[in-house]
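Colleague: All I have is the shape, not the residue letters:
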């Protein structure tokens, strides 16, 4: 349920509704077709972002081109830095005891 209310998905759906209202009684032109294609791409990207968020939360593998993978990589880098710092501190305390 959490994923259904993501801002990207809500924005894509509301844009689709307004596009439908605007083109309901108009003849199909190349501009209208291009608008529908653009809306379809926007909806696909919003659904993809929701899927990536869910995968990341469950701990599943996320594609490398996803913004969620960048967050995961930064988190892993921070954890690695902290563990290296803790190891260096522990080694420093061990040398002081000698």
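Modeller: The structure has been received and is ready for your questions. For clarity, every value in this text was computed on a predicted model and none was experimentally measured.
Colleague: contacts and neighbour counts: CA atoms only from here.
Modeller: Noted.
Colleague: Looking at the record's assignment, how would you partition the protein?
Modeller: 1-61, 63-98 (automatic domain parsing).
Colleague: The ones you listed into a markdown table, with extra columns for mean neighbour count and mean pLDDT?
Modeller: A markdown table is the format used below for the domains of the chain (neighbours: other Cα atoms under 10 Å; pLDDT from 0 to 100):
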| stretch | mean neighbour count | mean pLDDT |
| --- | --- | --- |
| domain 1-61 | 14 | 86 |
| domain 63-98 | 12 | 73 |
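Colleague: Residue 82 in helix, strand or coil?
Modeller: Recorded secondary structure, residue 82: helix (DSSP: H, G, I helix; E, B strand; the rest coil).
Colleague: Would you mind measuring from it to residue 56?
Modeller: As for residue 82, its distance to residue 56 is 22 Å (criterion: Cα to Cα, to the nearest Å).
Colleague: any idea how far stretch 78-94 is from the chain center?
Modeller: Relative to its chain's centre, stretch 78-94 lies at 32 Å (Cα atoms, centre = their mean, to the nearest Å).
Colleague: go on, stretch 30-39?
Modeller: That offset, for stretch 30-39, works out to 25 Å (Cα atoms, centre = their mean).
Colleague: what sits up against that stretch?
Modeller: Residues from elsewhere that reach stretch 30-39 (Cα atoms under 8 Å, 6 or more residues apart in numbering): 12, 15-16, 19, 23.
Colleague: Might you specify the subset of those residues located within helices?
Modeller: Counting by DSSP state H, the part of the contacts of stretch 30-39 found in helices is 12, 15-16, 19, 23.
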